[in-house]
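[1] have a look at this prediction, sequence included:
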Amino acid sequence: MTVLAERPPAVGRPEEPEHEHGPSGLLKWITSTDHKVIGMSYMITSLVFFCLAGIMAVLIRTQLTSPDSTIVTQHAYNELFTMHGSLMLYLFAGPFAFGGLANYIVPLQVGAPDMAFPRLNALSYWLYLMGGVTMVSGFLTVGGAADFGWVGYAPLSDAVNSPGSGSDMWIVALILTGFSAIFTGVNIVATVFYLRAPGMTMFRVPIFTWNMVVTGILILIAFPVLTAALILLWCDRHIGSHIYSVAGGGVPVLWQNLFWFFGHPEVYILALPYFGMVTEVLPVFSRKPVFGYRGMIFATISIAALSTAVWAHHMFTTGVVLLPFFSLMSYLIAVPTGIKFFNWIGTMWRGSISFTTPMLFAIGFLVVFLFGGVTGVFLASPPVDFATHDTYFVVAHFHEVLFGSAVFGGFAGLYYWYPKMTGRMVRESLGKASFWFMFVGFWVTFMPQYLLGLHGMPRRIAEYATTAGWTGLNRVSSVGSYLLFISVAIMLVNFYVSWRRPVPATANPWDAHTLEWAASSPPVHHNFTWLPPVRSERPVWDFNHPDHLSVDHHQDKDRRELVGAGVAAAPSGEDWPDGTAP
Amino acid sequence: MLGGCRAPTFGAFRGSTVQGKDEFKLWVGMVIAGLVVAVLVWGLIFWTVIRYRRRHSDQIPRQFHSNAILEVIYTIIPVAIVAVIFYFTVVTENEIDAVSTHPAEIVHVLAYRWGWQFTYDSGDGKSQGVTIRTAAQPTLLAQPATSNHYPQLVLPANSTVRIVLDSADVVHGLYVAAFNFSRYAQPGVTNVFDFTTTSPGVFNGQCTQYCGLYHSEMLFSVRVASPSRFSSWMSAQQASQAQAGATS
Amino acid sequence: MKVEAKFLLFLAAFGAAVALLFWAVGLAPVYRTITGGGTIMLVAVGLLGLLPGGYYLWWSRRMTPRAEDDPEATPEQGAGVVGTFPSTSIWPFVLGLAAALVGLALVFGFWTATVGLTLAVSAIIGVVVESRRGGIH
């Protein structure tokens, strides 16, 4: 039997800890360096921030149902939209993807026993938790939480215009979570470069893991710029420097330049993992391989590369940006994104599609993200951007792409890997109900916002003229937000029910393709007691369905022979810890 | 090309300045292209999920995974679309950003927390002694932009007016929805652009770049008046402001 | 390791090319701030790809072939010790707490940093000692 672990094959049942007197309870959690524990911690923590930010969104939408509403004060409203954006982008969408699901799944998909640097991984989580708590603690300060928007433009964020420790806590929180992300990026790339299973060449690595490698590099490109910009902002606020203020010879627009050089790769850091999740779900529930595997990888790399060259499209209205350069680069990103779309459709084409909850969310992602992507192309045109910048048109666009990827794509991944991570199945009925509330709620919330922006409603306003004619659309949008709230509530109930009245999951309940499905549900300590041979990007599918390997593969014949050899090397049923042989 | 028939607006303003109308033409073109792409791809998605639903529980389809020719085609066609859109974009943005050498009026706009100040110069840069400014700190909720609590920028019709935009403190955004236009006011950067007005009308304006506590209150309006009305307005303003200056 | 090297070197080439293009087209004075900052950051992107990519390219020619780069490798070839994976450690938590306290000094004043730096030093010592022992398994 082959054991891929830190020591030569152990005698006895694989899930027994090799030391008998390990820590227990809270201490066990605090000292754990197991990527599965850390990944779970990240996911739960980020979902808590998601729910907090969601409640803020409901408050924002409720305030906007009436033009002269006074449900919240102006100051409170400004804190709400700042913290809603900050929590969603910095504390949910990113950490859920690269700290949560990627942390859990990437080592499993490459056949590794853990991440390359387990203690660094744990450090990443603690930095994230402490940073998140710091940011939210801004609400407890005298001046309230940060209220200058999630982008924190200077000079608005300087000491004159935003005094108060809530703003400083926001800055410190982002420095901490920035380092957390950087360390996770290093860990992911090192794990994939150095710890793959035998036979898993880079072009047999699953698309989700490839996307995480590219995301990891983007993290290394983008986050240091944000951290530097934040430290400079802190210096302006506290030690009298004039980096961003005209008075001392500084250049306020430098903040925007640095921030968006981080900010645009950041939105791809947020999107690429979720593209990867969808690319895992679609083939499994179409019973076909990914269409255009290499094209997907080259498209992902192109998107990441181009994303470093488009940042000033967020600054078209500043008047100091070379418009044609950034416009062209931004249009070009649509090309590899389009390739991915066609490859996703090609994956389902002539497949055998089953509409499980993860598949519904994956298809929902496709429908939603398409429209968001198209409106992004509109915004990449400076003249159109002049007319729509900082209006609800932009708000609708970025919610469509972010919600489409992080929420639809993220929930597709969450429902797909839930059995693997928890050993339980969720209730399909509740999953489908949650999906439909979310899909309908999404369109009802955000389509009116496109129109509101075109009709002239700016963003980040707490009230608007009673005669503006925006009230009706705002009310429709707010109703949509309540539907979204219900959808998330149903999902949480679903998870709770799966915990209290579990339906056990086998190792591979979905008949899925990639290596993580060769581990038990949940995986044992150090993940694998057995590995199939790796001859394609779908080693578990190849092993289970040797008569249905990918066609047109020039190693067809060789692979069938070797897969046959793999079958002979697998353990018999009673060696499996829980009797669930693949 | 679109002058003969009235194109649908797809929700946008048709543009009450020449620059706004240029933007509108590009907008319509892009929306049509975008809708064609969206309908095509949505159609493919919906067709696929309906046509290829699983019919038997043990059905395993043919395991194809690539088609090089197809992949090349759907790389090249989007690049071609991008090239066309880019061309029209550059033409339009050059039209919108072009600044005339002989404007009829020059207005210095100063954005500050939380209001606007408009100072008028004649076309050759001489001060006309007229300054319009937001009244004392507006904290009124939900008032229209045309309310007299907010300043009104009066412009002559069928003329090119140069706007010279500055900020006294943080980044603000000058936005007139009906002109399909916005531009940031930033400390240290003076932005210059033209409004080439067409027929008379009254239009709402608002600050679009979040600037702090009373950002929602930073409204203004634009009144485009026929040249004779503009002249009489200008004379009246000069008289009353000179008088106010003499008595202060 | 060749694919990894090529991916990173592609990024290096892209960063260098775009930096050059951006600098060349963005020379007008009104764009100076954006062009200056942007060019530097794009060059940095190029360097981020060049350093590890160049190293991997050089190393891939000298390293002993790995089972994961061999498309015909069998699982038996990867058996045995893969690496060191310390499975329990208090020090990441301590160091995280230390970093948060040092960070909060930027908000509340230097006194939190004194506690933080003390914890950080103890964490660093702890991790080094733990690593020398081979980590806790």
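    Perfect, I can see it now.

[2] C-terminal to the host helix or strand of A:L272, what's the next element?
    Assigning secondary structure by DSSP states H and E places A:L272 in helix A:253-284. Per DSSP H and E, the first helix or strand lying C-terminal to helix A:253-284 is helix A:293-307.

[3] show me what that next one is packed against.
    Judged by 3 or more Cβ pairs under 8 Å, 6 or more residues apart in numbering or on different chains; DSSP states H and E, the packing partners of helix A:293-307 are helix A:207-238, helix A:253-284, helix A:323-348, helix C:2-25. Heads up, the C-betas are built off the backbone N, CA and C, glycines and all.

[4] report the angle between it and helix A:253-284.
    Here helix A:293-307 points in a direction 170 degrees away from that of helix A:253-284 (axes from the mean of the first three to the mean of the last three Cα atoms, to 10 degrees).

[5] quick check: buried residues in helix A:293-307?
    Under the neighbour-count criterion of 16 or more other Cβ atoms under 10 Å in any protein chain shown, helix A:293-307 has A:293, A:295-297, A:299-307 buried.

[6] now do that helix: distance to the chain's middle.
    Centroid separation for helix A:293-307 versus its chain: 17 Å, with Cα atoms, centre = their mean, to the nearest Å.

[7] the residue sitting nearest the centre point of chain A and C:V30, how far apart?
    Nearest to the mean C-alpha position of chain A, by Cα atoms, centre = their mean, lies A:A97 at 3.5 Å. As for A:A97, its distance to C:V30 is 38 Å (criterion: Cβ to Cβ, to the nearest Å).

[8] same deal with B:F203?
    28 Å.

[9] those two: which has the busier surroundings?
    Ranked by neighbour count (other Cβ atoms under 10 Å in any protein chain shown), B:F203 and C:V30 place B:F203 first, with 22 against 14.

[10] so is the helix or strand harbouring the more buried one next to chain A?
    When elements are assigned from DSSP H and E, B:F203 belongs to strand B:201-207. Yes. On the criterion Cβ under 8 Å from any Cβ of the partner chain, strand B:201-207 is in touch with chain A at B:N204, B:Q206, B:C207.

[11] okay, those residues in TSV with neighbour count next?
    What follows is these, written out as TSV (neighbours: other Cβ atoms under 10 Å in any protein chain shown):
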residue	neighbour count
B:N204	20
B:Q206	28
B:C207	29
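
[12] sticking with A:G85, tell me its helix or strand.
    Here A:G85, judged by DSSP H and E, is contained in helix A:74-86.

[13] close to chain B, is that helix?
    Yes. Under the criterion of Cβ under 8 Å from any Cβ, chain B is reached by helix A:74-86 at A:Q74, A:H75, A:N78.

[14] touching, the first one and B:W114? I think so.
    Which is A:Q74. No. Taking contacts as Cβ atoms under 8 Å, A:Q74 lies outside contact range of B:W114: 10.6 Å.

[15] any residues in contact with both of those two?
    Common contacts of A:Q74 and B:W114, defined by Cβ atoms under 8 Å, 6 or more residues apart in numbering or on different chains, comprise B:L213, B:Y214.

[16] for chain C, where's the lowest mean pLDDT among helices and strands?
    strand C:80-81 (a mean of 76; mean pLDDT, DSSP states H and E).

[17] mind listing the strands it pairs with, and their directions?
    Paired strands of strand C:80-81, with direction, are strand A:4-5 (parallel) (DSSP bridges).

[18] can you tell me the average pLDDT over the partner strand?
    Average pLDDT, strand A:4-5: 38.

[19] the top helix by length along chain C near chain A at all?
    In chain C, taking DSSP state H as the definition, the longest helix is helix C:32-60. Yes. Residues of helix C:32-60 contacting chain A under Cβ under 8 Å from any Cβ: C:T33, C:I34, C:T35, C:G37, C:G38, C:M41, C:L42, C:A44, C:V45, C:L48, C:G49, C:Y56.

[20] element containing the closest residue to C:W111 other than its chain neighbours, please.
    Leaving aside its chain neighbours, C:W111 sits nearest to C:A105 (7.4 Å; criterion: Cβ to Cβ, 6 or more residues apart in numbering or on different chains). Assigned by DSSP H and E, C:A105 belongs to helix C:91-108.

[21] next one: whatever helix or strand comes next after that helix to chain centre, how far?
    As assigned by DSSP H and E, the chain's next helix or strand after helix C:91-108 is helix C:111-132. Relative to its chain's centre, helix C:111-132 lies at 21 Å (Cα atoms, centre = their mean).

[22] can you point out the buried residues in helix C:111-132?
    C:T112, C:A113, C:G116, C:L119, C:A120, C:A123, C:V127, C:E130.

[23] relative to chain C, how far out is the closest residue in space to A:W29 that isn't next to it in sequence?
    Among residues not flanking A:W29 along the chain, A:V37 sits closest, at 6.9 Å (Cβ to Cβ, 6+ apart). From A:V37 over to chain C the distance is 10 Å, taken as Cβ to the nearest Cβ, to the nearest Å.

[24] which element is A:V37 on?
    Using DSSP H and E, A:V37 sits in helix A:35-63.

[25] A:Y104 now?
    helix A:102-110.

[26] residues making contact with that helix?
    Defining contact as Cβ under 8 Å, 6+ apart, one finds that helix A:102-110 is touched by A:35-36, A:38-40, A:42-43, A:113-115, A:121, A:184, A:188, A:191-192, A:195-197, A:200, A:205-206, A:208-209, A:212, A:215, A:273, A:417, A:420-421, A:514-516, A:519, A:523, A:527.
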